[in-house]
Structures are given as structure tokens and as C-alpha cells.
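In: No letters, just coordinates:
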């Protein structure tokens, strides 16, 4: 199995009025092609900083991030911009759709930037929209969609370019429970049927229980790791809650 992401001794420090905060402290792990990995931790644990470094939004203080065989920690900004377009897909908590474009055009924009032929763009969008259950709403504008519909359009935008790695930052954070469940089912489908490699940051145990593996962060370090294996989602949820309780976290949802 091919290694899509390798993080080696990653560190991220912040200096503030003479003090030094270690947001990410010597973290190392790998993500293989087709894995669905969650990162959990309380506020201040370093999970968002870690994701920002992997996504190249922020720069690491030390260590290496290798994505699809390329060391992004040594890239210049112009190369990074091209790398993001070609190798990474993003799903944000607040959707980040362009209000002046329809759902179809929001999705198509990612392909157009890569120079995809117009004749193929609609075919790709229609096929993916059918799989994600958004075919009926992609001609609408974001303000005409529910939050869950917007997030599934954002999900389609993230996967349409066949990126090496999809990065999801609290993707269910702004959704009600029904919309969150629909989105999580969509992500599972993309992972299982399209073998999409997903790295998702979440504070929520119910959301994390859809993953195949969980890394738990505490004080900028990996505190524990859980692998779902043959567990049902409910069994995996209960194991996640046990680790969360050991970390001093709060109980979130019940299954």
C-alpha cells in the first residue's frame, strides 16, 4: 500500500511576549492510500495547527511533511500553490462556497483551474453529484441550499479533481445532526468506493466513529491511537469515548 502522507518529527512553536508555546511537539505518523483517519483532541491540543501545517496553510518550525512523495516543507510559495491545486482537496467547517456561483459552477471551478476540457467537466460533475445525492440542487446558489447541502457540494468540489489527500476541518461543526449524518455517509462512500484518502480533524466522537483510525492529540503530542478494525461503529464510538475520558474530555453525542 502506498504512503500518501508521512509526517516526520513535526514541530510548530509560537512566540508571544517572551513565552514559547509548543503547539505541535515532535509528531510523527503516516497515512496510507485509501485510509480514513481522524485527529481528535481538546481545544489547544494542536490538532488544527497540525492540519494547517499539513495543508501548507501554515509553516512548520521543524520536521518534514511528505505528501505523495513530495516534501512540502521545503517548497516555495508558487510551487505550493500549484501543489495545493493538484494534490489536495479541502472541506471546511464554513463551506467556503462562492455565493455568486451555482453549486455546479463551484464544483466546476476546481476543474477549470486545472485546465480540464469543458466537455468532460459536466460529465464528471453529474456522475459525482448522483453519488453524493446532490443532483437536484447543484443548479441552485449556496443561499438557496441548506447547510448540509452546501457541505456536500463542498465535498464534491474537494473530490472532483481526484486529489491525493482530502483534508477536512471540523466538517460537521456547522451542521445539524441529520445533515451531519448525511455528510458523514457521503465521506464514507467516497472512502470506500473511490478509495479517497481522508484526514479529518474533529472534536466530536460521533463524527470520529466513522473513521477507520483515530489519532488523539494532547498538549501537542500523540496521546493514543485507535484502529477500528472489525468493530461496529457503535463499538468504535465506545472505545473513542474511553480514550476521550482518559484525556479529560467531555462526552458529546450518544449512538
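Out: That came through, no problem. Keep in mind the model is a prediction, meaning the values are calculated, not measured.

In: got the residue ranges for the strands in this protein?
Out: Assigned strands in the chain, in chain order: 3-16, 19-32, 36-40, 62-67, 70-71, 88-91, 165-169, 198-201, 213-218, 221-227 (criterion: DSSP state E).

In: now the ones you listed in CSV, with mean pLDDT and distance to residue 139?
Out: Where C-beta positions appear, they are placed from N, C-alpha and C, glycine not excepted. CSV is the format used below for these (pLDDT from 0 to 100; distance: least, CB to CB, whole Å):
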stretch, mean pLDDT, distance to residue 139
strand 3-16, 93, 34
strand 19-32, 92, 35
strand 36-40, 97, 30
strand 62-67, 96, 34
strand 70-71, 94, 37
strand 88-91, 93, 21
strand 165-169, 95, 25
strand 198-201, 96, 27
strand 213-218, 96, 37
strand 221-227, 96, 41
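
In: Those: which one's closest to residue 54?
Out: Nearest to residue 54 among the strands of the chain is strand 62-67 (5.7 Å), distances taken as CB to CB.

In: List the buried residues of that closest one.
Out: Neighbour counts over strand 62-67 (16 or more other CB atoms under 10 Å) mark 63, 65-67 as buried.

In: Contacts only, for residue 85.
Out: Counting by CB atoms under 8 Å, 6 or more residues apart in numbering, residue 85 touches 110, 113-114, 161.

In: which two in these are spaced the farthest apart?
Out: Of all pairs drawn from these, the widest gap by CB to CB lies between 113 and 161 and measures 8.7 Å.

In: So the two - more neighbours on which side?
Out: Neighbours were counted for residue 113 and for residue 161 using other CB atoms under 10 Å; residue 161 has more, 19 against 11.

In: mind listing what that one touches?
Out: Residue 161 sits next to 85-86, 89, 110-111, 114 when contact means CB under 8 Å, 6+ apart.

In: For the residues you listed, which single residue is the most surrounded?
Out: Highest neighbour count within the contacts of residue 161, by other CB under 10 Å: residue 89, with 25 neighbours.

In: Show me what that residue is bridged to.
Out: For residue 89, the beta-bridge partners are residue 166 (DSSP bridges).

In: Do a quick rundown of the helices in the stretch 51-200 of the chain.
Out: Per DSSP state H, counting those that start in this stretch, the stretch 51-200 of the chain carries helices over the ranges 77-87, 103-113, 118-132, 147-159, 177-193.

In: if you skip the residues just before and after it, what's nearest to residue 21?
Out: residue 14 (4.5 Å; CB to CB, 6 or more residues apart in numbering).

In: what's the neighbour count on that neighbour?
Out: Applying other CB under 10 Å, we find 11 residues neighbouring residue 14.

In: Skipping adjacent residues, who's closest to residue 52 in space?
Out: residue 58 (3.9 Å).

In: Could I get the contacting residues of that neighbour?
Out: Residue 58 makes contact with 12, 49, 52 under the criterion CB under 8 Å, 6+ apart.

In: Residue 144: which of those is nearest?
Out: residue 52 (31.3 Å).
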